[in-house]
Every structure is written in C-alpha cells, then in structure tokens.
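K.L.:
task: produce atomic coordinates for the following.
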Amino acid sequence: MDDNFRGNVSFPVKVGLVGCGKWGSVLKKKLSNLGVLIAWCGGRDLLPLQSRLRNSSIPAVDWIIIATPATTHFSLALEALEAGKNVFIEKPATISLADTERLFSKAKQKDLKIFVDTIFVRRAEYLAVKQHLGGCVPKLIRFCWSKPDLNSEAVMDRLVYHDLYMLVDLIGTGLATHSVRVLARHSGYWNFTCVYGDTTVCFEYTLSKSTVTRKTLEVIPTSNEINSKTVEFKSLQPSEQDPLQEVLSEVLQHRANYERNHEIILAAESIREVLQPLVEPRINVIGGGIFGSTCAWMLAQAGAAVRLYEAKADLMQCASEVNQRRLHRGYHYPRSDETGVMSRDGQRRFLDAYKVALLDHPTAHYYAIAKEGSLTSREEMISFCERLNLSFKEVAHPLIYDEMVSLVIEVEEELWDHDKLRAECWRLLNLHGVSINLNSKVGLKPDETSLPPANHTIVACYASNNVVLKGVLGVEFTSQDLQFELCEKPVFRLPQQFWGKSCVIMDGPFMCIDPISDADPSLFVMGNVEHAIHTSNIGEKPETLSDLKLLLNQGIIPASHIPRGLSRADTMLKSASQFFKNLKHAEHVGSMFTHRTVLPKHEHDDARPSLIEYHSHNVTSIFSGKVVSCVDIGHRLCEELLCPLNP
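P.N.:
Purely as a prediction, here's the structure:
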C-alpha cells in the first residue's frame, strides 16, 4: 500500500485508490498528473474498506476511486457511500442492473456523488462520428474489437459495456431490444446483432494472442444525404488531450454531469440484462474436481463467462485424486448395461479432451471372474461384452491363481496420471478464460464465500453436494439421501512381475490393483469392495469417525504417518493374496482416504448413473461417480444451459 502520493500540480481533493492492477496504475498516473493527493492506495490490504474509512488514524479522503474486478464493485462502492465518501468507478458499475440502481439510490439518499467511467464518449473518434450524424439516427451501427486475451474477465463487462453506453449516447436512452441474433459464441469470438427501433446494431469481438488492440466504429445513416463513416480508435499521442484525465478533473471537482452519466449507465445496463444470458451467460461452478473443472472450461469454450469456486488450495484434491485412476470402458459393470454403455461411449469423448493425461508406459488390462462368490458368471460376463460390443481376448494370467477364477480376459482400457490430468485441466481452464477461485468455501455464513450474480449456478461437489446446495438454496432445497463410504486406497510397491499390468477380480466383494504413476512403475493403488470401507452411512452428508477426519483427502499419506490400527492395507493385501501370486514382497508405501458416494439401494446392479438435477430455475447439481463421463456431462450442460445460436 502506498500513502500520500501527490503529483506536480496543486489540486484540492484527496482520494483513496482501491485497485493496483493494470487500470489502477493508469488511474494513479492520471491523478498524479492532475496533482491529486492520493492519500492511500492498495488492493486486498485495504479491506474491509469501511473499517479503514472509519479509522481516524488513517488519512481522510473526499473520493474513493475503484479499479478492482467487476464482481467487487458493488460491495466496495456501497461501503464507501455508507462511510460518506463520493465514488468514481471504473466500468462496469456493477455486474447487475439492480445493484447499480441501488448504488445510485444510496448516493442520492446521502447527497453524495457517484460516477461511472464512460471514457469512449469523450474520445475524439467517437465525437467525430456523432458530429457527422448531426442528430440523424443511423440505420446501422457496427462495433468491432480485436483485443489481446489477457485475463478472464467477461467480454460483456470488458468490451461490450463500452459499446452499449456509446450506443445509448448515440440513439437515446429509451431503447427496447426488439430482437437479438447470436451468430457466433465461443471462447475468443462473439458475433451478434440487435434491433433498436429503426437501427440495427452489429457487435463483433475477437480475443486473440495478438499484442495489438484494434477498435472500430461504423455508422450508416438513414438519410441518403449523409455518407457512412468508419473510425478507428487509435492510441493517444502525447500532444493530444487526454479524455480520461479530463473526466477525472471534472468529476473530482463536482463539475461533471452526474445525472446524464447515471441515465446512460442505467440504459446501457438495461440492454446488458437482455443480452447477457444470450450472448455471454454468467455461470458459477462450485467444485473444482474433474467434473466441475471439465464443465467449467467446456461452458467457457462455448461462450459463457464462468467462475469456478474450489474450497481447497488446488483443483482435484478430493475424490478426483483418490481412486483407481482407471478409465472405465464398461467391463466393470456387467450387471448394468446402462452404466456399461455410459462408460464405453464416455471413454471416447474423455480421450478426445484428455488424451495427454494418460499414463505413458504400456499397460495390459485384465478382468477376471471369481469362481466363488461372484455375482456374475463366466457366461454372463462374455455375453455382456458381446452385447455391448466390448472387445476382449480370453487369456491365462501368470499372476492369478487359475483355480480361483473361471475367466480371465484381456481388454482395451487406459489409466490416467493424476498430475497430468490436473495440469491439463488448469491449461484448459486458463485457455478458455475461466476465473478460478481457490480456498473459496461457498455458502451463506459470514466466513464463507458469497457468489456473485449469475444466470446459472452449478454444484459439482460429489459427497458435499447436499451441504453446498443447502448453502446456496437455503430452505428451498430438500436434500437427497446418498450412500457415503469412507474408503481407503492403499498404495503398494509391487514386484517387477506386476509392472505394466492392471488387474480386476470381480464381480462382488473382491479387489483390483492398478499402476498409479509414470514416475515410478512399481507403485500400484489397490481397491477392495469390502475391506476398503472404514465407515458407511446413508443420509444427507458423510459421518466420519474423528480419528479418520485428519486423513481425508490429503493425497498419499506415508504409511509411517498413519496412526497405528487405522489403515486396512494389511487386510486388503491378505485378501488380494488369495488371487494374486507373489504379493508377499509387497510394500505398503502409504494410503489415500476419501468419501466415495453412490446412490443407495443399488447393490443388485452396481449402477453408477451420471445425474444432472435442476433444483430451481437457475441452480443445477451434477452427481456422478465415474470420471469417464465428465466430458459427456459437460456437453449436456452446454446444450441445456446455453441458448442455441441463430445464424
């Protein structure tokens, strides 16, 4: 935080500048040029702002200048007004018309000034267009931007907002949107047209890796006596008048037309309210596991402005990490054709998105049917594979006791590397401009993160779905009973004979062993249908023994760090040794713990459906236990939540 920063010219106003990013730095320079005393400036270190403004030991100010992310504008401006300070806000005013109206009303109530930056109506290029029209209403207006894609802020707030207030200034504030045609909408490109009375307005925005910003405005008048005119907004030259500096000077000295500013902003935001859900719908996604992350980048790729909220310090740190990391193709579910088909078809689409996340070293994949205790017979397994067109080859497995199984088949499946998958999720989220908010536990309590306004909110929190939905919906939500199982996934170092082999014994209370990492081919994660489960309950949320709480979702905990008696690795190894040879030299390296969550009363078919549920007009939850279906879920949400294009 900087204090008492003054420029070269005396100016009888003291300001507090909130926001030290790119635009905050620009404003600081302009204020300095005017000789404005910046009593203090900073970012997060200034919060909560109201406490600072009421602290007598901190220099008093006349104005608060806000240049922070758009989602923070309303709360910061409201705090400043409540403390009796005038406010200048970098556009947009807020991200909802209702919030902007509330700010303007509060300023009027307290007899304070509030002004929203509308810099482009002061630019020479725009004024030349307005003068050229001479009051004539154009029949066509075309706004075009080509701009570097430097951050994840929504294009509606970054670029369209400028054009909407110019549009209002050109043709009036009483605009009614007669039609909207969205011609293209995906990350990096938007193209849409609107009709206002006799005027058609075309908007085109391209975000690219280019380092050059280009903005043009074209008008075609209704009168044949006036020619069309196109201007390109150029970078200001040192000799030119600086419109932003002029605006700041007028605003801070109470010489600006505040009423006209409010009129233009409210009219522009009224248009934004119509365009937003069609052109760039705002979507909040709660949960940074593989499902939340995948849906977030896919929705952003399709043109939505997406904000992702994750309670932990990184993505994919819970159930997305603690599992067998096998990319199911369907073989695992011979009692549920529906789950088998979902896995088979989902695997192809998962590979289209995440092929780079697969383990590099070759792995042979085997499924075996136990001779005793299996809920699926040899014949039923073969029939299932043939029915679903799942390729297989009957083989003998050198590491499985022949007398313990009735069938061993080699199949075509894949394993993923968790670190690679997480890295690819980060890459895709950043590529498509998703705003990622870590350490953000969403809810209604004071210490929890409140969500900004959005057209839709998606809850993808797996075992915590009910808890989070209650936090978002409150009393409107009736929780769904789920079956929660606190599972242990022990990691073993196995003899070399096991390397490059993934083996599943089924179908019932049996086990599986799978390679877990490219970095060390000797490491395997073991699953066991019966012995891996420490606790189980059906209800709204998991019930966890206090001794196990500290172990949950902590990645691989070294065996030496797990309190004596809490791990079931030895029991699981003993169970596996009934089927697998050469396990006496297995070394327990560590274990992972998480809550597996399934629909109750599905023991008969072991079905694992992927569900999308709509709890209100704008809140949806995802529930699925199969990573392989995450891309399919993303496609469904894009189809169901985003308005279709209408070229």
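K.L.:
which parts of the lengthiest helix in the chain count as buried, going by neighbours?
P.N.:
Scanning the chain for the helix with the most residues, using DSSP state H, yields helix 258-279. Across helix 258-279, burial judged by 16 or more other CB atoms under 10 Å covers 258, 261-262, 264-272, 275-279. To be clear about C-beta, it is placed using only N, CA and C from the backbone, and glycine gets the same treatment.
K.L.:
what's it packed up against?
P.N.:
helix 97-109, strand 114-116, helix 161-171, strand 179-186, strand 189-196 (3 or more CB pairs under 8 Å, 6 or more residues apart in numbering; DSSP states H and E).
K.L.:
so can I have JSON lines of these showing distance to residue 132?
P.N.:
Output for those, formatted as JSON lines (distance: least, CB to CB, whole Å):
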{"stretch": "helix 97-109", "distance to residue 132": "31"}
{"stretch": "strand 114-116", "distance to residue 132": "26"}
{"stretch": "helix 161-171", "distance to residue 132": "11"}
{"stretch": "strand 179-186", "distance to residue 132": "27"}
{"stretch": "strand 189-196", "distance to residue 132": "19"}
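K.L.:
how near is the closest residue to residue 364 other than its chain neighbours to residue 361?
P.N.:
Nearest non-adjacent residue to residue 364, counting by CB to CB, 6 or more residues apart in numbering: residue 501, 5.3 Å away. Separation of residue 501 from residue 361 (CB to CB, to the nearest Å): 11 Å.
K.L.:
picking that back up, so what pLDDT did the residue nearest to residue 364 get?
P.N.:
The model reports residue 501 with a pLDDT of 96.
K.L.:
how about residue 519?
P.N.:
Each residue has a pLDDT score; the one for residue 519 is 88.
K.L.:
and residue 646, by the same measure?
P.N.:
So residue 646 comes in at 69 (pLDDT).
K.L.:
equivalent analysis for residue 1, please.
P.N.:
Per-residue confidence (pLDDT) for residue 1: 45.
K.L.:
cool, residue 618 as well?
P.N.:
pLDDT, residue 618: 89.
K.L.:
surely residue 279 touches residue 157?
P.N.:
No: look at residue 279 against residue 157 with CB atoms under 8 Å: they stay out of range, at 11.8 Å.
K.L.:
what is in contact with these two at once?
P.N.:
Shared contacts of residue 279 and residue 157 (CB atoms under 8 Å, 6 or more residues apart in numbering): none.
K.L.:
what sits against the residue nearest to residue 499 when sequence neighbours are not counted?
P.N.:
Nearest residue to residue 499, sequence neighbours excluded (CB to CB, 6+ apart): residue 521, at 4.7 Å. Counting by CB under 8 Å, 6+ apart, residue 521 touches 361, 499-500, 515.
K.L.:
mind giving me CSV with these and columns for secondary structure, neighbour count and distance to residue 245?
P.N.:
CSV is the format used below for these (DSSP: H, G, I helix; E, B strand; the rest coil; neighbours: other CB atoms under 10 Å; distance: CB to CB, whole Å):
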residue, secondary structure, neighbour count, distance to residue 245
361, coil, 12, 62
499, coil, 15, 68
500, coil, 13, 67
515, strand, 24, 63
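K.L.:
low-confidence stretches in this structure?
P.N.:
Within the chain, the ranges that satisfy pLDDT under 70 run 1-11, 47, 149-153, 209-211, 239, 475, 603-605, 646-647.
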